[in-house]
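Chemist: quick one: sequence and predicted model below, then my questions.
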Amino acid sequence: MKRPFTKRPTTYAEQVEQLRQRGMQVDDAERAAFYLQHLNYYRLGAYWLPFEADHGSHRFRPGTRFEAVLDLYIFDRELRLLILDAIERFEVSARAQWAYQLAHQHGTHAHLDPGLAHNVERWQYNLDRLTDEVRRSDETFVKHLTQNYQEALPPVWAVNEVMSLGLLSRWYQNLKPMATRRAIASVYACDQRVLQSWLHHLTFIRNTCAHHSRLWNRDFTIIPELPRTKPASLATASIAGSRKLYNTLLILLHLMDAIAPDHHWRQRLVALIDTHQPPVQAMGFPEDWRTTPLWRKAAR
């Protein structure tokens, strides 16, 4: 039986005192109150949860410091930004490949052809979403193409610039010609079915980052399909059955190597881990992760 919610709101000073009563070491109450003001007690609670000795009483393990909780939060925030950086580069690349292969194999307005779809109803739904995104766009090139040509939508290489990653994922999933699917996937040295899974998974990860949600110790409900053989470095390094972030990071490393061979994303990620020293096991990292070829690979 449900009961009424009776807890009253607390001041920042009361929140600091409550943390102290539960066993957290707060060296600077004013500084702690400042961060509670701008980050929210409830939000930070997700980051001190691993420090609790008993969740029922919310008692902290001896030696738990507010600064350690804050550092874990900062790590997670910087990790989200770093992941968004990699996903952005992949999204731009994948949209470009989608447009190129459709245009060259099926025509400049292939996105208007329902014959390329596995499911015509889903194709129409995706086309309606794409039409909405084109109409909302204030890009000059979109207005020029819409106003000067008779086709219902601009050519595929133009509409791809206003397409979201989620819509791209749904479009690729519904794309019927196997040769086109494989041509797009080949750029990333993976199977077309694996790429379809990655697009879906990375859309979910991107949305998680964009909504500033916790990443570092989350168990994901939408997990990526792992390659069986190719690329070999990814197939051997990934953790089968894991719902943690580690496999996602491996995929992003592989994709960054494919689309930006001179990148320093790998070094930035390792430096972030070394700076904050989070419990990487909570992200699914194996003990020997630093020794695997995918992590040791240097930028060209």
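Modeler: That came through, no problem. Numbering: from 1, shown residues only.
Chemist: so how far is the helix or strand Val16 falls within from its chain's centroid?
Modeler: Under the criterion of DSSP states H and E, Val16 resides in helix 12-21. Mean C-alpha position of helix 12-21 versus that of the full chain (CA atoms, centre = their mean, to the nearest Å) differs by 34 Å.
Chemist: how about that helix: buried residues?
Modeler: Neighbour counts over helix 12-21 (16 or more other CB atoms under 10 Å) mark Tyr12, Gln15, Val16, Leu19 as buried. No exception for glycine: its C-beta is placed from N, CA and C like everyone else's.
Chemist: could you count how many residues lie near Thr131?
Modeler: By other CB atoms under 10 Å, 13 other residues sit near Thr131.
Chemist: once you drop chain neighbours, what's closest to it?
Modeler: Leu153 (6.4 Å; CB to CB, 6 or more residues apart in numbering).
Chemist: next, that neighbour: secondary structure please.
Modeler: With DSSP: H, G, I helix; E, B strand; the rest coil as the basis, Leu153 sits in coil.
Chemist: quick one: pLDDT of it?
Modeler: pLDDT recorded at Leu153 is 85.
Chemist: which SS state does the residue nearest the centre of the chain fall under?
Modeler: Compute the mean C-alpha point of the chain, and by CA atoms, centre = their mean the closest residue is Ile205, 2.6 Å away. For Ile205, the assignment made with three-state DSSP gives helix.
Chemist: contacts only, for it.
Modeler: Listed by CB atoms under 8 Å, 6 or more residues apart in numbering, the contact set of Ile205 reads Ile83, Ile87, Leu215, Phe220, Thr248.
Chemist: for this protein, what helix or strand is lowest in average pLDDT?
Modeler: Lowest on mean pLDDT, DSSP states H and E among the helices and strands of the chain sits helix 140-148, with a mean of 71.
Chemist: show the subsequent helix or strand relative to that helix.
Modeler: helix 156-159.
Chemist: and the contacts of that following helix?
Modeler: Contacts of helix 156-159 (CB under 8 Å, 6+ apart): 98-100, 102-103, 108-111, 130, 133-134, 141-142, 145, 153.
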